[in-house]
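Participant: Need coordinates for the below:
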Amino acid sequence: MFTTRPEIAGSFGVVASTHWIASQVGMSVLERGGNAFDAAAAAGFTLQVAEPHLNGPGGDAPIIVHDAKSGAQHVICGQGVAPAALTVAHVKGELGLDLIPGTGLLPAMVPGAFDAWALMLRDHGTWSLREVLSYAIGYARRGIHYVPRIIATLNGVRPLFEAEWTTSAAIWLRDGGPREGKLWANPTLAETWERLLREAESAGRDRIAQIDAARSAWYGGFVAEAIDRFFRSNEILDASGRRHRGVLTGDDMAKWRASVEAPLRRDYRGTTLLKCGVWSQGPTMLQTMALLEGFDIGGMDPLGEQFIHTVVECLKLAFADREAYYGDPNFVDVPIQALLSAEYAAERRKLIGDTASMELRPGSIAGFERSAPDLQAAVDRKEMRTRAPGVGEPTVARLGVSGADTCHIDIIDSQGNMVSATPSGGWLQSSPAIPELGFCLGTRGQMFWLDESLPNGLKPGKRPRTTLSPAMALKDGRPWMSFGTPGGEQQDQWQPIMFARMVDHAMTIQQAIDAPSFHTEHWPSSFWPRDASPGRVVIEGRFPAEVLDALNARGHLAEMGGEWSEGRLSGARQEADGQLFAGANPRGMQGYAVGR
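Facilitator: Reported below is the predicted structural model:
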């Protein structure tokens, strides 16, 4: 089967990510004696400089790790919570909004990425924070190559920056802005990190004490203070077309830290999939695979319409349950074990026929009588997308054309440690930059519904249900693979497709990534303006025309996207004989896997 590049093979270590510089930084750390956790942190901070339109220091970072020493897997939750003053009464009653805007200050959550990386480094790494941050600081100070997509993104929001978000213009449009083929620096961000290190090292020479001091400086010191001042003193134009003041405070930041929890698990044909909890959309992949397990996927053409139809109809059922049941388990009781059970999957599977469903059909679980948000209302909101620049999560366009989205990192070292991380948020186009810090905050709050009765309804201190969804898999009980992708709603669509093609059709990582893919937009989006296109399926342009025709004959509203337009997957796996393999997405021409 054709692949765009070889699947990387080795035995010492492998790194795959959405940017070649981050991959090489991760590999450099491994070569210098660091482990997978040191390498992932260094790569993660580097991505904040290399891909500022996809993630930033003020964003989020869910991480799944396998620690070879303990033989255990953990989820590090780097998803921040809603500020104390962000209530339905404030947004809907006082401000008169029906949705939380997709941009600006109002949807800002406590930024979770820094503490997630720091916690992972403290508990599993071996390097100091200075060693890990040295790569990102160097690039921020000297400049880094900006891919054309960053320049295109900046050109798209240039009028907004120049007229309204002037603190962002000062960082990303100074001297006319970055030019293709040239380096671009962010010296303000470099100084923020240098100051953080000075405060960290004032705690003494102990590595752990330094990391904890840096966490305190970030969430209770000068970083939190700068964010507090900016939010208190500015009203900013956002996607609603109006100016609003943010409500995030230093006190909100001081009360939050990243947490560690057990991943959710489900078996699929001799493998065990691991995902983040119901505060994410990750369990939809587990539910999708539970449904697919009842079909002869291996007997289907992995590039055929029967495969596409079956996967899409399973996805519709899984994501309908996401809408009806998933939310922060600290606030809502989610019947996740019932949702992942074989009995539930068998009952739900009966709903899948030969034709496309146009309904949003969550399942029914005794004692949990809930309904999903109104699908027709989501359809009616589509026209809102044209109201303001920079709205929602930067992700794939309507026809699957790859735009900016998120980041992903997969790493396995020679000891068998594994990391799967999907950092995102704090995109340069999401909110105005904090001038003293050199970065902006994420707008994950747009994912909340302004209805407290819904499992993902807004409440202070609650995590918005994120689309960020790293993945890990065990094979015959041993750690096998780390994988994931950017893409918002598409993350837990492209991942099941890749995984089924590997498990059911014996494809390699690179083969499964390169094979033409697809997605549906059937359910309400997690991002402003929370719209939907029931029945729409977008398939990559390399599928034969007869596949498109066959899907439409089944009742799907299928469209053909670009030839290389679906997915930014990457993955790394280790086999029983000690060999390591990795692959990365060629779409967008910036993701790479490296290793030896």
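Participant: in stretch 182-201, what's buried?
Facilitator: 184-186, 188-197, 199-201 (16 or more other CB atoms under 10 Å). In short, each C-beta sits where N, CA and C put it, glycine included.
Participant: Might you calculate how far stretch 292-299 sits from the centre of the chain?
Facilitator: Distance of stretch 292-299 from the chain centroid (CA atoms, centre = their mean, to the nearest Å) equals 28 Å.
Participant: In helices, which of the buried residues of stretch 182-201 fall?
Facilitator: Of the buried residues of stretch 182-201, the ones assigned to helices by DSSP state H are 188-197, 199-201.
Participant: closest to Ile352 among those?
Facilitator: Ile352 has its nearest neighbour among those in Leu189, at 48.8 Å by CB to CB.
Participant: How about the contacts made by that closest one?
Facilitator: Residues near Leu189 by CB atoms under 8 Å, 6 or more residues apart in numbering: 48-49, 57, 140, 437-439.
Participant: what about the helices in the stretch 451-596 of the chain?
Facilitator: All helices of the stretch 451-596 of the chain, identified by DSSP state H, counting those that start in this stretch, fall at 491-505, 509-514, 545-553.
Participant: Apologies, that question was intended for the stretch 101-250 of the chain.
Facilitator: Ranges of helices within the stretch 101-250 of the chain are 113-124, 129-142, 148-163, 166-172, 187-201, 207-220, 222-233, 250-254, based on DSSP H, counting those that start in this stretch.
Participant: now, of those helices, which is deepest in the fold?
Facilitator: Comparing those by mean neighbour count (mean count of other CB atoms under 10 Å), helix 113-124 ranks first with a mean of 25.
Participant: Report the mean per-residue pLDDT for that helix.
Facilitator: When pLDDT is averaged along helix 113-124, the result is 98.
Participant: how much does it deviate in direction from helix 222-233?
Facilitator: Relative orientation of helix 113-124 versus helix 222-233 (axes from the mean of the first three to the mean of the last three CA atoms, to 10 degrees): 160 degrees.
Participant: what is the orientation angle of helix 113-124 with helix 129-142?
Facilitator: Between helix 113-124 and helix 129-142, the angle formed by their directions is 140 degrees, by the same axes, to 10 degrees.
Participant: for the protein, where's the lowest mean pLDDT among helices and strands?
Facilitator: helix 375-380 (a mean of 88; mean pLDDT, DSSP states H and E).
Participant: Just the C-alpha atoms of the helix or strand just after it, please, in CSV.
Facilitator: The first helix or strand that comes after helix 375-380 along the chain, using DSSP states H and E, is strand 409-412. Extracted in CSV, the C-alpha atoms of strand 409-412 (Å, rounded to 0.1, in the frame of the first residue of the first chain):
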residue,chain,number,x,y,z
ILE,A,409,2.8,14.6,20.4
ASP,A,410,3.6,10.8,20.7
ILE,A,411,6.9,9.6,22.3
ILE,A,412,8.3,6.2,23.3
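Participant: Name the surrounding residues that touch strand 409-412.
Facilitator: 13-18, 22, 26, 30, 36, 39-40, 43-44, 47, 417-423, 482-484, 570-574, 580, 582.
Participant: Could you pull up the residues touching the residue nearest to Ala320 when sequence neighbours are not counted?
Facilitator: Of all residues not flanking Ala320 in the chain, Pro362 sits nearest, at 4.3 Å (CB to CB, 6 or more residues apart in numbering). Pro362 makes contact with 320-321, 323-325, 370-372 under the criterion CB under 8 Å, 6+ apart.
Participant: Now with 10 Å, please.
Facilitator: Pro362 makes contact with 317-325, 339, 348, 370-372, 523 under the criterion CB atoms under 10 Å, 6 or more residues apart in numbering.
Participant: Assumed it was part of a strand.
Facilitator: No - membership of Pro362 in a strand is not supported by DSSP: H, G, I helix; E, B strand; the rest coil, which gives coil.
Participant: Could you report the separation of Gly461 from Leu291?
Facilitator: 34 Å (CB to CB, to the nearest Å).
Participant: Who has more neighbours out of these two?
Facilitator: Leu291 (24 against 16; other CB atoms under 10 Å).
Participant: Phi and psi next, for that one.
Facilitator: Backbone geometry at Leu291, expressed as degrees, to the nearest 10, gives phi -70, psi -40.
Participant: do the one 10 residues further on as well
Facilitator: When read as degrees, to the nearest 10, the backbone of Asp301 gives phi -70, psi 120.
Participant: how close does the nearest residue to it once chain neighbours are set aside sit to Gly277?
Facilitator: Spatial nearest neighbour of Asp301, excluding adjacent residues (CB to CB, 6+ apart): Phe307 at 6.1 Å. As for Phe307, its distance to Gly277 is 29 Å (criterion: CB to CB).
Participant: Now do Asn155 against Gly571, distance only.
Facilitator: For Asn155, the distance to Gly571 equals 33 Å [CB to CB].
Participant: surely Pro6 meets Val594?
Facilitator: No - using CB atoms under 10 Å, Pro6 is not in contact with Val594; the gap is 11.7 Å.
Participant: Of those two, which one has the most company?
Facilitator: Between Pro6 and Val594, counted using other CB under 10 Å, the more crowded position is Val594 (20 against 11).
Participant: Show the contacting residues for the more buried one.
Facilitator: 8, 10, 13-17, 20, 23-24, 26-28, 30, 582, 584.
Participant: how about 6 Å then?
Facilitator: If a contact means CB atoms under 6 Å, 6 or more residues apart in numbering, then Val594 has 15, 23, 27 as its contacts.
Participant: Among those, which ones are in strands?
Facilitator: When those are checked against strands (DSSP state E), the matches are Val15.
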